[in-house]
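Enquirer: take a look and give me a structure for this.
(2 chains)
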Amino acid sequence: MVVGGGIAGIQASLDLADQGFKVYLVEKKSAIGGHMAQLDKTFPTNDCAMCNISPKLVDAGRHLNIEILTETDVLGVEGHAGNFTVNLLRRPRYIDLDKCIGCGDCAEVCPVSLPDLYEEGLKERKAAYRLYAQAVPTAYAIDKLGTAPCRDACPAGQRAQGYIALIAEGRYREAFRVIKEDNPFPSVCGRTCHHPCEGHCSRALVDEAVGIMALKRFVVDYALAYGRETVEPVPRTRPEWVAVVGSGPAGLTAAHDLVKMGYGVTVYEALPVAGGMMRVGIPAHRLPKGVLQQDIDDILALGVVLKTNSPVSDPAKLLKEGYDAVCVATGISSGDHSLGVEGEGAKGVIPAATFLRKVNLGQPIRIGRRVAVVGGGITALDAAAVARRLGSEVYLALDRPRGELPAYHWEVAAVESEGIHLMERMTLTRILSEDGQVMGVELAETGKGFTKDAAGRRRPKIEEGTEFTVAVDTVIGTVSQFSDLRFLDEKYDEMAVDRQTLSSEIPGLFVVAGRKTGASYIIEAVSLGHQVAQSIHRYLIGQPMDTVKSQAPPVVKHTRQELMLRVMKGEIRLQPKVEAALLPIEERVTSFREVVLGLTEQQARLEAQRCLQCGICSECLACVYACGVDAIDHDMLAREEQVEVGAIILAPGYQAYNAALSEEYGFGRYPNVVTALQFERLLSASGPTMGRVQRPSDGTTPRRIAFLQCVGSRDQSHDYCSAVCCMYATKEAIIAKEHQPELDVHVFMMDMRAYSKGYWDYFERARHRYGIHYNRARLSMLHEDPDTQNLILHYQDEGGRLAVEAFDMVVLSVGMEISASVRELGQKLGVELDEYGFCHTAQFNPVETSRAGIYAVGPFREPKDIPESVVEASGAAAASAGLLAEARWSLTRERQYPPEKDVDGQKPRIGVFVCHCGSNIGGFLDVPAVAKYARALPGVIHAEDNLYSCSQDSIKLIAQRVDEYDLNRVVVASCSPLTHSPLFQDSIRAAGLNPYLFEMANIRNQCSWVHSADWGVATNKAKDLVRMAVARAALLEPQHTIDVPVDHAALIVGGGVAGMTAALSLAKGGYPVHLVEKEAELGGNLRHVFTSMDGKDPQLALTRLRNEVEASEAIVTHLESRVTGTKGFMGNFKTTIESVDGRRQEIDHGVVILATGAQEYRGPEYGYGSDKRIITQQELEKLLFNKKSQIQDLESIVMIQCVGPAERFCSRICCTVALKNALALKELNPGVQIVVLYRDIRTYGFKERLYTKARERGVLFVRYDDQHQPQVDITDDGNLKVQAWDPILQRRLEIQPDLLVLSMPVVPRDDVNALAAMFKVPVDADGFFLEAHVKLRPVDFSTGGVFMAGMAHYPKLLDETMVQAQAAAARAARVLSREMLTAGGQVAVVDKSLCTGCLTCVRICPFGVPIMEPSLTGVGDILGAAYIEAAVCQGCGTCVAECPARAIQLMHYTDAQMRAKVSALMKPAIISLDEIVEV
Amino acid sequence: MAGVSLQIVAYCCEHCAYAAADLAGGLRLQYPPEVKIVQLPCTGKLDVLMVLQAMEDGVDGAMVAG
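Expert: As a prediction, this is how the structure comes out:
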């Protein structure tokens, strides 16, 4: 298992999978790629980062042996090396990876925007997103934290955040649609819901809850005003009938759901109208009848049969009458309950429910002039308001303070403003009557606590002595209403009902009413309706009704602290809730017109924008409706999973230092201070500004930019160097200058750490060619000019002078850190970490962690750049492969295809498939017309258009069509062949066609998307592209591959640490190794190293290594031998080696690793060789080891860095070696004065600690530059004299040391060129081997089967050499592990009868493949013609283009095929195949 | 040149320029529809004859990117 999908993780996965191991690649994010995918360019070649990493992403994504697990965390690991069980948390993606084809339709419609972290927050993205355009997997993902509190609070699970997000975007119809998804009564619930959602709204923690109910009403009103969509009847698909008794919210919801499932449904209603309490319990001024009717009509329109005036007294009888199931949903229908006070029998006492029902049904009811309404709920408010509208004077006695009412405060205020006498905390104690007619009421103040009345109901206690009377002639009493079934029959009221399934003891009878399962609120009733419909459905299809309740996703809870932080950051703007206007009072009390007027559109959008989008994804379902392949599943849940693996490679990468923590730089406060990663995105052509560098504050182009180095590195809280910042800052500066040559760029730094291959050159180019200014200075202050938002820098230059300068923009070169989650991972896995979270690994086993079988690579070990991470990844792959050698090829898969059809000599029968890509193509050009056009093209037998050509069903369909029409060529017109042709090729292979009989027309990325404004133009271009593709397809030929056997032995040249380590690594993998060493013993340069950075003994390690090599049966060591000749190619080399005594031996091998090392330079600079007191670092090391006594007498030592060739290139290790030796000197002789004369101290990574320690121990450092080189002389009295210019003191120093130690660089060996020529591999200007690609193929040569390791590649430290050797072994094992190499396909083939033997191809091939084969005969029977080995040809076709005799053809890209394609462009009306063939 | 229909062939290396054109699509960058991209395994594959033949066939311009 590889943990971390950055470049290191990808490389390790590929190396292992290619060697025959099954790999799980675990990534936290939704796609692999890591930081490298964010970069614009890479140093020192300025290659496009994406162009480099993208092929690797695709390889990993398509590899049969790599299983990419995105959105996955490692929870823990049990077991031991070779046998681990890893516990994983698979977080939900909410989009099915197998179905999603990456078209982006979901993101297009998603209403939720959030900062795009891939763009470092410089841009926004949607909640439905793809991490970046080239992401692998290509599937989208949905960013969802969990269920929003509003949805969670709603009994019916209304997706409030969803419709609010849509309202905010003005998409009201979609909002209406999503409301209806969970609630068939949107009109009602937009007006009368008790809205628990608002009670749970997180916005209340900041200011006020979002007015969710008002927003819902707005949507409903909008839909009503602009015409609701007509509801079509649902076709009956099931034979069963269901009877629903009661047409309240529960009954109608159940009927709605059931009829949608295809059942027949009849609803019985006792009253003349449907709607239950919604109809008769709520007055029209709150819920207009028309509005309710609209909801009911929509339900009936689905096909529900409604029978009004049809009371059912015995629902169970309906079952006998033929209904398959019956649902009792009679709601609150049992008569009114008594008030439980004296005098309630008097005339003029009316229960509120009766009162409201009669008024609502238009039945006659008489009330008096003065009316008392008593109660404590919404019904009381309603009854009072109705009585007022009927013309009475109303006294409303509430048994609680208004704040405790289940109503909005304005609702209470509205009632009061209508002239109703409102009395709070009053309870009814007695009704006064005369002659049986009400005369008044006695009220009393409520006290604390409750008591029980005669009927056993809870009533508030009264405050004794506060009684008073009010003269009224009517009393409307409200008592808590509840549902019972006594009015049917006692047996129903007593009947056992299951609360979960709502099924009763009578099979087929379901109950959502009564004491056991009745609802109190409308929305609860709706919820019950859904629930009972599901139960009835399961009952009818014979499934158990008791389903295990699936685990619910977490509810998102924000704390006030979190939200206030967002307020402070300006992400949330405080803004009170928008209140709807009310009808003027004079109009209210005289009519039943609706009181609340509803929000205006502007108000609604403003209010909707107050939503905090708690869940991120709002679950508005817009993506579900938009997705054409049904890939979206909002109900996915996180799950744990166990995976068995043999080894684990940790490549979790780094996090950039959070620059906001270093407040002095103003990041986060000053908009024009950005991080280097942000700047990287600003430079990128695919970034937020499309590669134009703009100031975040005002979008203007900056003229002066300052880079500040070491932000989060080499400071009090980071005692290490992040190793990459100097170079990336240089790169960003160069690229910015390339974009904008007049830009003035200043880099403020301590040392320039250009320590690796090509870095020094790069730095020199930055200075001299691009004119970038480097200042060795420390910043003392940075502040913003508030007028211009420029940044003013105060700093001290090297000479101590204070300077102040203004810049338009400041870039912070942030360092590398280990994130908290990675530290946690390390702890969970039980691998040792240091205080910063970096993983400990052993110096002599550099990728192995403290837990056997777990390896660590990349910045997780130590800050480092891409090539070193890639080397370590390969190294860890080698270590894992060695551990698991026996399991190779045991778990891997191969694709199986049917036998191939022979199409030889057949006329082309072409099938064309034109893709709509949802709306991505179909929305911008006429896809059916293109398909129709294609059908008429010559050779085309069949053409059709598909919604998504790459969806699983279309892939199958293409194979079917090949059979059906006997097609022998296939063209797909859709997106890019780079991403999709392998998929389609697979499809035609499944139908028995050779994969090369396939061509694509890119009508999306290169047509519909780039000509989206003109339908006609885009359609025409698509036709052109299809015509061109068809013309080429007609000439395509099958290409066959052949298998070339692989020799499993390796040849390793060089018996130093690199050679030995590589040999052992391969031997552990089970491959025979020939190790060739020119000297009489193994060991190379390590024989001269006696101390290491961490105090371990290198000689001990060397002995161990040597013993292991000698003990290994797989390794044949050839001492005192050298390579004298080689021939063959990858998989099949034959190399001659000659020993010092002249014996020759020919060795067969599949790969070669060149590990020939390098040597310390010994030139005459600074008087070396003229005086024995002038020595090299290597000589000092020997002295330190052998002649300690001499050291103890020394008083003064000078070291000079960067000697001789090191002025041209950095030899990387000298600073570290010098500091290591200086510390060893101080250890032996604390009194010795050591002065180090240096240009830059390049202690990258943890080597920085040596530098810190050396300064602590009193080693003096004096910098010199090119203009002030140190001078070495011998004084008249024979002393050494070193003179140097001290730039800080600004004066000349003169030292007379006892010893002058020169840091001589590492240079290539003298015989490197001969070896390079023999293996046809290149060396760079300094004589080091040149790798195939500086970043991503650091140990490969471009010549196949030849690899490098160690100092022959570049100077490096011991641990670096060892990892590189392991990496070379891993790369070599990719070849050796295979039985056969596949040769052929798209390769160049020489027609020897045309070859003149001019050698052009031999010279031009970048991979050194063509050779002159003497046994072949060329043109005119001349002996010797070019031969291109198919097994190693890369298929680039360069030789084809260059061959003056046109003797070479590139298969699959023949001249005829290419010509046909371009010619077809100019022939819009090709009518016959012959015409194509002719061109 | 308004009203005149041009045909420009752009020969693009599949590793870089062709991929860049795909990305341009992803970013919805609009360019003239006259440009028709022809994918090459490497711009090294392009020989002069190929361009000349295209000219002979009547294309108005050729562009090479890689």
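
Enquirer: assign the residue in the stretch 1001-1150 of chain A that chain B sits nearest to to helix, strand or coil.
Expert: Nearest residue of the stretch 1001-1150 of chain A to chain B: residue A:1005, at 3.1 Å (Cβ to the nearest Cβ). C-beta: built from backbone N, CA, C; applies to glycine. Under DSSP: H, G, I helix; E, B strand; the rest coil, residue A:1005 falls in the helix class.

Enquirer: give the contact list for it.
Expert: A:975, A:976, B:21, B:22, B:23, B:24, B:25, B:26 (Cβ atoms under 8 Å, 6 or more residues apart in numbering or on different chains).

Enquirer: what pairs with residue A:78 across the strands?
Expert: Here residue A:78 sits in beta bridges with residue A:85, going by DSSP bridges.

Enquirer: now swap in residue A:1272 and tell me
Expert: Residues in beta-bridge contact with residue A:1272 (DSSP bridges): residue A:1282.

Enquirer: quick one: pLDDT of it?
Expert: Looking at residue A:1272, its pLDDT is 96.

Enquirer: next one: residue A:336
Expert: We have a pLDDT of 56 for residue A:336.

Enquirer: which stretch of helix or strand covers the nearest residue to residue A:1228 once chain neighbours are set aside?
Expert: The spatially closest residue to residue A:1228, leaving aside those adjacent along the chain, is residue A:1191, at 5.0 Å (Cβ to Cβ, 6 or more residues apart in numbering or on different chains). Remark: residue A:1191 resides in helix A:1188-1192, with elements defined by DSSP states H and E.

Enquirer: restricting to C-alpha, output that helix in PDB.
Expert: Output of helix A:1188-1192 as PDB, limited to C-alpha atoms (Å, rounded to 0.1, in the frame of the first residue of the first chain):
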ATOM      1  CA  LYS A1188      44.300  12.800  16.100                       C
ATOM      2  CA  SER A1189      47.400  14.000  18.000                       C
ATOM      3  CA  GLN A1190      48.300  16.400  15.200                       C
ATOM      4  CA  ILE A1191      45.000  18.100  15.400                       C
ATOM      5  CA  GLN A1192      45.300  18.800  19.000                       C
END
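
Enquirer: right, and the helix or strand after that helix?
Expert: By DSSP H and E, the next helix or strand past helix A:1188-1192 is strand A:1196-1200.

Enquirer: what's the burial count for residue A:560?
Expert: Look at residue A:560: counted by other Cβ atoms under 10 Å in any protein chain shown, it has 12 neighbours.

Enquirer: so who does the residue in the stretch 1251-1400 of chain A that chain B sits nearest to touch?
Expert: For the stretch 1251-1400 of chain A, the residue closest to chain B is residue A:1386, as judged by Cβ to the nearest Cβ, at 6.7 Å. Each residue near residue A:1386 by Cβ under 8 Å, 6+ apart is listed here: A:996, A:1039, A:1435, A:1450, A:1451, A:1452, A:1453, B:41.

Enquirer: 7 Å instead?
Expert: Applying Cβ atoms under 7 Å, 6 or more residues apart in numbering or on different chains to residue A:1386 gives the contacts A:1039, A:1435, A:1450, A:1451, A:1452, A:1453, B:41.

Enquirer: let me know the pLDDT of the fourth one.
Expert: Okay, so that is residue A:1451. 95.

Enquirer: residue A:1041 is in contact with that one, correct?
Expert: No: contact criterion Cβ atoms under 7 Å: residue A:1451 and residue A:1041 do not qualify, at 10.6 Å.

Enquirer: more crowded one of these two?
Expert: Neighbour totals were compared for residue A:1451 and residue A:1041, and residue A:1451 leads with 21 against 14 (other Cβ under 10 Å).

Enquirer: quick one: residue A:137 from chain B, how far?
Expert: 16 Å (Cβ to the nearest Cβ, to the nearest Å).

Enquirer: ok, that residue touching residue A:58?
Expert: No: with contact defined as Cβ under 7 Å, residue A:137 does not reach residue A:58; the gap is 10.7 Å.

Enquirer: quick one: the strands in chain B, in order.
Expert: Counting by DSSP state E, chain B has strands at residues B:8-13, B:35-40, B:61-65.

Enquirer: is it possible to get a markdown table of those strands that adds distance to chain A and mean pLDDT?
Expert: Below are those laid out as a markdown table (distance: least, Cβ to the nearest Cβ, whole Å; pLDDT from 0 to 100):
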| stretch | distance to chain A | mean pLDDT |
| --- | --- | --- |
| strand B:8-13 | 6 | 96 |
| strand B:35-40 | 5 | 96 |
| strand B:61-65 | 9 | 95 |
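
Enquirer: including mean neighbour count and distance to residue A:388, could those strands go into CSV?
Expert: Listed next are the strands of chain B as CSV, based on neighbours: other Cβ atoms under 10 Å in any protein chain shown; distance: least, Cβ to Cβ, whole Å:
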stretch, mean neighbour count, distance to residue A:388
strand B:8-13, 22, 79
strand B:35-40, 21, 75
strand B:61-65, 15, 80
